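Participant: Here's my sequence, what's the structure:
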Amino acid sequence: MSDSDSSHGCGDYKTFRQNSRDRLLYEMLRSAKVKETKTTWKVLIMDKFTVKIMSYSCKMADITDEGVSLVEDLYKRRQPLPSMDAIYFIQPTKENVVMFLSDMSGRSPLYRKAFVFFSSPIPKELVAYIKNDTSVLPRIGALSEMNLEYFAVDSQGFITDHEMALEELFAENAENSHKYNICLNTMSTRIATAFASLREFPNVRYRAAKSSLDPSTVTTLRDLVPTKLAAGIWNCLSKYKEKIPDFPQKETCELLIVDRSIDQIAPIIHEWTYDAMCHDLLNMEGNKYVHEALSKTGSAPEKKEVLLEDHDPIWLELRHSHIADASERLHDKMTNFISKNKAAQIHHTSRGGGELSTRDLQKMVQALPQYSEQIDKLSLHVEIAGKLNKIIRDMDLREIGQLEQDLVFGDAGAKEVINFLRTKQDVSPENKLRLLMIYASISPEKFEGEKGEKLMQLARLSPDDMRAVNNMRHLGGLDIKKTSGGGFSLKFDVHKKKHAARKERNDEAETWQLSRFYPMIEELIEKLSKGELPPDEYPCMNDPSPTIHGTSTSNGLSVRANQSQPAHSMRSRRTATWAKPRNSDDGYSSDSVLRHASSDFKKMGQRIFVFIIGGATRSELRVAHKLTAKLRREIILGSTSIDDPPQFITKLKLLTAQEFSIDDLHI
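Facilitator: Model (predicted):
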């Protein structure tokens, strides 16, 4: 039993998702070729989880190109194909192993030969269980640990698929539920497989429990979640060092583990980039957008699903742009397209000039079949941007957004919030809720006892919404203190002295309104890159002599790790990401860096991984792309899930909604 061979020998730098894709296609599917076999076609069998792993990294055409003619579900009845070989990509569970053995044992196995790849390390007892079936052993072509058990949701992002991590790890008394340890253990395993895939051995840093900073506080298991996760990952990596060929024995990159409590504002505030607004304001399911498209035959419009993903060049170019910038650039693109295309111009002028509507653009498709794909893509994004701008106007989001950002930067307080709630009665309950949640995380004392209740009543919040505001205290972990009024103090940050959650960026000219906000991980990644993370607040597991209060030499590790990097500016100020020349190729986005400077990647510094327990946001994913270009180091963001504001709020409401379920009964 060993990990399958590494594909690192090629010398070309591959991004995180490229690496995942190549391992699945070449290390797994291609390696199952047997020279003496006459047929080149194979069957691929997966469980529900590995199907998702595959679908995030590979297209069906990629899989077919590697000789797979049929993809099957492990748990569905399957037709025997005794002349074909089968590739099993499955999780190493007892149930899966039993299913595999039943397929391949006895006189008439379903397939000629089985090549078995496990998504994570397989327990020894399951290996013994397989070896005990003597009829199956000669039919096994490979038994290998792929160590790839995460969803590559972005070229620089992955999730461990723990949608309920907030509830399972941070709800009241969560540590007394058996789900607490299961969640942490599977999360550790899945994160570790990302390092196994890339053959990287990280310096493992984590947010320290607050009790290590303030001895007067009592440590709770909830506050120890990052520490426990760091220990779990460290345990997995230690085993990899012994088992996996070519696994580094010395540190090659940085990993920082934090939880959602480091920034409660990022998941709730209105973000003004194209990507974030699409997921926040449109009813999208994942990356799927449904729109009405004119049928080619001229009949009634039909509903069409499109995926807003990397294969769409317009999406790739605009996704991290401010909505106003995206709208302008789309308009420019359309104008340029029409001016350069005589046929389109004739079609446009025949209608008497004037502004082109989305429907007009869609009609042009029929007149210009050779350009239909270009116009389809352009008109799709024109339609989406138009929808977003209408929602912004209808919901008066600019005013709400202004107040949200003024609160974050300390330019507004109780007076402005109360005045807004009194005068803006028609604001949607969800937007009032989000405003109060932001205010609660910045000024927790305003929500103690009756004061908080009065504020929530003024906003006319439902009891369910009030619970979401109150439940933010769970993310603060330790700083819950009972008050004489019987309420809770939402005191999240021991060191908070003034009512501003972010430092202002005074040295920048802001091109677009409402582009001041930035997620906290931006500051943390920049500090980590410079070796300036306080070692007491962010200790390092690799330190040979850690102490209780985290006073360690872990900073030295960081400096040492960075010595091989090329010289580059480490300014702490952040550049407004959408304040770029109009027709530039979005040079700040890592996709553009990859397209034009793949050779430069060899000169890049070591990778930085950040893992956020409890869900990451679109804005944090944007930071990973932005800082990759700025710091010349590939930043990879991992999380338990990627949440849009409505999803995050729903999860917050669940924190205490199901304190005791039938699953938690130990009979």
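
Participant: from here on, contacts and neighbour counts on C-alpha atoms
Facilitator: Noted.

Participant: Check the gap between residue 209 and residue 262 for me.
Facilitator: Distance of residue 209 to residue 262, given as Cα to Cα, to the nearest Å: 12 Å.

Participant: Tell me how many other residues crowd residue 647.
Facilitator: 15 (other Cα atoms under 10 Å).

Participant: I meant residue 117, not that one.
Facilitator: Close neighbours of residue 117, defined as other Cα under 10 Å, add up to 25.

Participant: what residues are up against it?
Facilitator: 28, 87-90, 142-146 (Cα atoms under 8 Å, 6 or more residues apart in numbering).

Participant: Retrieve the pLDDT associated with it.
Facilitator: For residue 117, the pLDDT comes out at 97.

Participant: and residue 209 and residue 262? which has more neighbours close in?
Facilitator: Using other Cα under 10 Å, the more surrounded residue of residue 209 and residue 262 is residue 209, with 26 against 17.

Participant: Quick check, that one in contact with residue 227.
Facilitator: Yes. Counting by Cα atoms under 8 Å, residue 209 does reach residue 227; the two are 7.2 Å apart.

Participant: And stretch 314-334, end to end?
Facilitator: Span of stretch 314-334 from end to end, Cα to Cα: 12 Å.

Participant: An error on my part: the question was meant for stretch 293-304.
Facilitator: End to end - Cα to Cα - stretch 293-304 spans 6 Å.

Participant: Now do the phi/psi pair for the spatially closest residue to residue 277 that is not a sequence neighbour.
Facilitator: Closest residue to residue 277 apart from its sequence neighbours, by Cα to Cα, 6 or more residues apart in numbering: residue 271 at 6.5 Å. When read as degrees, to the nearest 10, the backbone of residue 271 gives phi -90, psi 150.

Participant: what do you get for residue 116?
Facilitator: According to degrees, to the nearest 10, residue 116 has phi -110, psi 130.

Participant: Count the neighbours of it for me.
Facilitator: Neighbour tally, residue 116, other Cα under 10 Å: 23.

Participant: Repeat that for residue 180.
Facilitator: 21.

Participant: which residues does residue 53 contact?
Facilitator: Residue 53 touches 149-152, counting by Cα under 8 Å, 6+ apart.

Participant: before we move on, what about residue 75?
Facilitator: Counting by Cα under 8 Å, 6+ apart, residue 75 makes contact with 47, 99.

Participant: how about the helices in the stretch 351-500 of the chain?
Facilitator: All helices of the stretch 351-500 of the chain, identified by DSSP state H, counting those that start in this stretch, fall at 358-367, 372-394, 397-408, 414-423, 429-442, 449-458, 463-475.

Participant: Return the list of helices and strands in contact with the second one.
Facilitator: For helix 372-394, the helices and strands in contact under the criterion 3 or more Cα pairs under 8 Å, 6 or more residues apart in numbering; DSSP states H and E are helix 274-281, helix 313-318, helix 323-340, helix 358-367.

Participant: Highest mean neighbour count out of the ones you listed?
Facilitator: Highest mean neighbour count among the helices and strands packed on helix 372-394 (mean count of other Cα atoms under 10 Å): helix 274-281, with a mean of 21.

Participant: Determine how far that helix lies from the middle of the whole chain.
Facilitator: Relative to its chain's centre, helix 274-281 lies at 14 Å (Cα atoms, centre = their mean, to the nearest Å).

Participant: Could you give the average pLDDT over the next helix or strand after that helix?
Facilitator: Next along the chain after helix 274-281, taking DSSP states H and E as the criterion, comes strand 288-293. Computed over strand 288-293, the mean pLDDT rounds to 85.

Participant: Strand 288-293 vs helix 372-394, what angle?
Facilitator: Strand 288-293 runs at 100 degrees relative to helix 372-394, counting by axes from the mean of the first three to the mean of the last three Cα atoms, to 10 degrees.

Participant: Let me know the angle separating strand 288-293 from helix 274-281.
Facilitator: Using the same axes, to 10 degrees: strand 288-293 against helix 274-281 is 90 degrees.

Participant: ok, for residue 252, nearest residue in space, not its chain neighbours?
Facilitator: Of all residues not flanking residue 252 in the chain, residue 201 sits nearest, at 5.3 Å (Cα to Cα, 6+ apart).

Participant: From what I see, the one you found and residue 192 are in contact.
Facilitator: No. Residue 201 sits out of contact with residue 192 when judged by Cα under 8 Å, with a separation of 9.4 Å.

Participant: Can you tell me how far the residue nearest to residue 277 is from residue 129?
Facilitator: Distance of residue 271 to residue 129, computed by Cα to Cα: 52 Å.

Participant: Same question for residue 653.
Facilitator: For residue 653, the distance to residue 129 - Cα to Cα - is 44 Å.

Participant: Ok, residue 375 next?
Facilitator: On the measure of Cα to Cα, residue 375 and residue 129 end up 58 Å apart.

Participant: nearest residue to residue 63 other than its sequence neighbours?
Facilitator: residue 25 (6.8 Å).

Participant: Quick one: classify that neighbour as helix, strand or coil.
Facilitator: helix (DSSP: H, G, I helix; E, B strand; the rest coil).

Participant: Let me know whether it touches residue 66 as I believe.
Facilitator: Yes. With contact defined as Cα under 8 Å, residue 25 reaches residue 66; the gap is 6.9 Å.

Participant: returning to what we had before: so if I had to pick from residue 375 and residue 129, which one is more boxed in?
Facilitator: residue 375 (20 against 13).

Participant: got a list of what the residue nearest to residue 275 when sequence neighbours are not counted touches?
Facilitator: With sequence-adjacent residues excluded and distances taken as Cα to Cα, 6+ apart, residue 275 is closest to residue 319, at 4.6 Å. With contact taken as Cα under 8 Å, 6+ apart, residue 319 is in contact with 273-275.

Participant: other SSEs contacting the strand or helix carrying residue 127?
Facilitator: Assessed by DSSP H and E, residue 127 sits inside helix 124-131. In this structure, helix 124-131 packs against helix 94-104, with contacts taken as 3+ Cα pairs under 8 Å, 6+ apart.

Participant: what does the helix it packs on rub up against?
Facilitator: By Cα under 8 Å, 6+ apart, helix 94-104 touches 47, 74-75, 90, 109-111, 114, 126, 130, 133, 136, 139.

Participant: Which of those residues has the largest number of neighbours?
Facilitator: residue 114 (28 neighbours).

Participant: who's that residue bridged to?
Facilitator: Counting by DSSP bridges, residue 114 is bridged to residue 86, residue 140.

Participant: quick one: contacts for it?
Facilitator: By Cα under 8 Å, 6+ apart, residue 114 lies in contact with 85-88, 104, 139-142.
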